[in-house]
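Novice: What follows is a predicted protein model with its sequence.
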Amino acid sequence: MIVQSATEIAEDFSPEYWREKDKTHTFPEDFWKALVEAGFVGILIPEGYGGGGMGMVEMILAMETLTSQSCGLAGQWFLCLTSIFGGLSIAKHGSENQKKNYLPKITKGMEFCLALTEPDAGTNTLNTQTMAIEEGNGYVINGRKTFISGADRAKGMVLITRTTPLEKVPKRTLGLSLFLVDLPNPAIEVMPIEKHGIHYSKTCEVYITNLKIPKENLLGERDKGWYLILDTLNPERMSFSAAASGIGLLAISKAVDHARQRSVFGVPIGSHQAIQFPLAEARAKIEAARLLNYRAAWLYDEGQPCGAEANMAKVAAVEAGIQGVYHAMQTLGGYGYSVEYDVERWWREVNLIRLAPVTHQMALAFIGEHVLGLPKSY
Amino acid sequence: MNIIVCVKHVPETAEAEIKINPEGTAIEKTGLVFDINEWDDYALEEAVQIKEKFGGSVTAITVGPEDADSTLRKCLARGADNAIRLTDPKFNGSDSYAIAKILHKAIKDLPFDIVLTGALAGDDGYTAVGPILAEHLEVPHATMIKKIELSGDTARVNRELEGGLEEVVEIKLPAVLSIQTGINEPRYVSIMGIRKAMQKETKILGLADLGLSENEVGEAGSWITIEKVYVPPVEKQAEFLKGSAEDIATKIAELLKARGLV
């Protein structure tokens, strides 16, 4: 029924709608409103706080459907920013007060962002330089973040900082803490970065200067932030895998329509194996990636370790998704390169997923080290 | 205000490739996607909106096999309080008259102020169940409803007529109203609704539960037998419009208007 509902929403937001939003760099207000009204933003939020009390399996199904039925990356993007970064982090690690304060607002559409990446701490989160220093009854935070999507509009931010410098912790993975910050805030300056695609949402540089926040804004235990953020980063990977599969399916479906209708030399181009096979191969790989991603999501919902599955699903999904869009563009020929046919936009979107939330290579390095048991390769 | 909504689980045929069965009496349903009949979707939304305004309950009811449960679950997720599925192998082959009889047996003992049906079903398009059901229930009915205003035991309803006309009629409740598309904007099935629907059960009633006999339902209890279903041959007709761009544009506009396309 989630799939059915997501399909109905997607039908109301056609590729033309997204073409326009992408072209005009406009936030899709009515799409966000639809997601809020239909309760999709609250899928992961417990029922007691106004959410659906469901898990990542349901979230993945929703994202995959929205994405593959017409919305492209947007079908995943906004839910990831607010529901996973904000909602899931707070639902998992928030105090009762934080849950009461934020979760019902999130279900009603309060947007969130996650301020994790820094110029010198991308994948290497442990190198985070942003520092929170205890002062009186709170913390003073200074630092700089980059690639923070949605920071321009978000009303809430999950901010990752050091609370103990790297050289003073007994273990490298200690010393990081998460904070909840209300936005906009005069101590936080947000500067959008021009990017390759997803123009309907801004990704920003964030400068934090003497941000004062009370102690009760600490999310979870002090200095244990690394372990807490893993609970958010694995679902983030799953959500991007869902997006890669979804975009691949969307592009393939466009290519199939074209291949049936477009006749050259007297036959539809889809009757040629050169057109069919690459699409069929991508489709088969996408289906496999989806199943692996469902497994990762199911393990997560069961409270079991899911890092291996989440990373393997991401590797599989991004390769399959890219293959799907690549061959969709090839099928459309020159039309694939024109904006009007949407495939070029999906190409720009799917490209992100080989870089974020973790590069393809770092996901492979994770598998090499943690699944195969080989030495750390970086 | 207690409202009963009659819904039908129908195949989506608008964009599907339709094949006729070997007997030539129905379409092949394998491979088609089924969903709530579009008109019933509006009827359900109208019922839920009335309930939200005046209180009471909404009961969704269908005649159909187990597959139809997905349509009932959708109704529950969209705000219906109860769901009833009337099912029996003997119901197969029922026409609108027999379906209305089956529905009547289930509805007659339920408390209701309004019974809503879709104005027609997307698959067979008879537009008949609502009026026949009203006759069985011995209550008034109105069809093609585009607007409902309730006060006391009266409903003021707008009926859609041909040529863009609307007629306003007053009707005494309880009544059966058959709903035209566009009366409202059906809401999305929400996550919270899905949650609630999972906790609700569908009541299932068969031939004996309804106190019906075999010869009252199915083909035996029907007035109509379908002789043939076919796809009309495509006729190739083209008209070339001549003249200046302005003349051609005017003619196109006239043609479109004459055929009711704009």
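Specialist: That came through, no problem. Remember, it's a predicted structure, so these values are computed and weren't measured experimentally.

Novice: OK, contacts around A:Gly156?
Specialist: A:Gly156 makes contacts with A:86, A:102, A:105-106, A:110-113, A:180-183, as judged by CB atoms under 8 Å, 6 or more residues apart in numbering or on different chains. Where C-beta positions appear, they are placed from N, C-alpha and C, glycine not excepted.

Novice: any idea which of these has the most stuff around it?
Specialist: Neighbour counts for the contacts of A:Gly156, by other CB atoms under 10 Å in any protein chain shown, peak at A:Gly86, which reaches 31 neighbours.

Novice: Quickly note the distance from that one to A:Gly50.
Specialist: 14 Å (CB to CB, to the nearest Å).

Novice: what does A:Gly225 give?
Specialist: Going from A:Gly225 to A:Gly50 by CB to CB gives 26 Å.

Novice: Those two - which one has more neighbours?
Specialist: Legend: neighbour count by other CB under 10 Å for A:Gly225 and A:Gly50, higher for A:Gly225 (29 against 17).

Novice: Verify the contact between that one and A:Ser177 for me.
Specialist: Yes - using CB atoms under 8 Å, A:Gly225 makes contact with A:Ser177 at a distance of 4.5 Å.

Novice: Which neighbours do those two have in common?
Specialist: Common neighbours of A:Gly225 and A:Ser177, using CB under 8 Å, 6+ apart, are A:160-161, A:163, A:219.

Novice: OK, contacts around A:Trp77?
Specialist: Counting by CB under 8 Å, 6+ apart, A:Trp77 touches A:149, A:198, A:201, A:243.

Novice: swap in B:Ile252?
Specialist: The contact partners of B:Ile252, taken as CB under 8 Å, 6+ apart, are B:Leu241.

Novice: Can you read off the pLDDT for it?
Specialist: What the model reports for B:Ile252 is a pLDDT of 91.

Novice: Can you verify it is assigned to a strand?
Specialist: No - B:Ile252: not assigned to a strand; according to DSSP: H, G, I helix; E, B strand; the rest coil it is helix.

Novice: my guess is B:Ile61 meets B:Leu103, correct?
Specialist: Yes - in this structure B:Ile61 lies within contact range of B:Leu103 using CB under 8 Å: 6.7 Å.

Novice: Give the residues shared as contacts by these two.
Specialist: Common neighbours of B:Ile61 and B:Leu103, using CB under 8 Å, 6+ apart, are B:6, B:86.

Novice: For the stretch 51-200 of chain B, which residue gets nearest to chain A?
Specialist: Closest approach of the stretch 51-200 of chain B to chain A (CB to the nearest CB) occurs at B:Ile191, with a separation of 3.3 Å.

Novice: Which strand residues bridge A:Pro268?
Specialist: A:Ser263 (DSSP bridges).

Novice: And for it, the neighbour number?
Specialist: By other CB under 10 Å, neighbour count at A:Pro268 equals 14.

Novice: residues contacting B:Val10?
Specialist: Each residue near B:Val10 by CB under 8 Å, 6+ apart is listed here: B:34-37, B:121-123.

Novice: Equivalent analysis for B:Val115, please.
Specialist: B:3-6, B:107, B:130, B:133-134, B:137, B:139, B:174-177.

Novice: Of those residues, which belong to helices?
Specialist: Those of those mapping onto helices are B:107, B:130, B:133-134, B:137, per DSSP state H.

Novice: Now name the helix or strand holding the residue nearest to B:Gly211 when sequence neighbours are not counted.
Specialist: In this structure, B:Gly211 finds its nearest non-sequential neighbour in B:Lys105, 6.2 Å apart by CB to CB, 6 or more residues apart in numbering or on different chains. Taking DSSP states H and E as the definition, one finds B:Lys105 inside helix B:96-107.

Novice: Run the angle between that helix and helix B:129-137 for me.
Specialist: For helix B:96-107 against helix B:129-137, the angle by axes from the mean of the first three to the mean of the last three CA atoms, to 10 degrees is 50 degrees.
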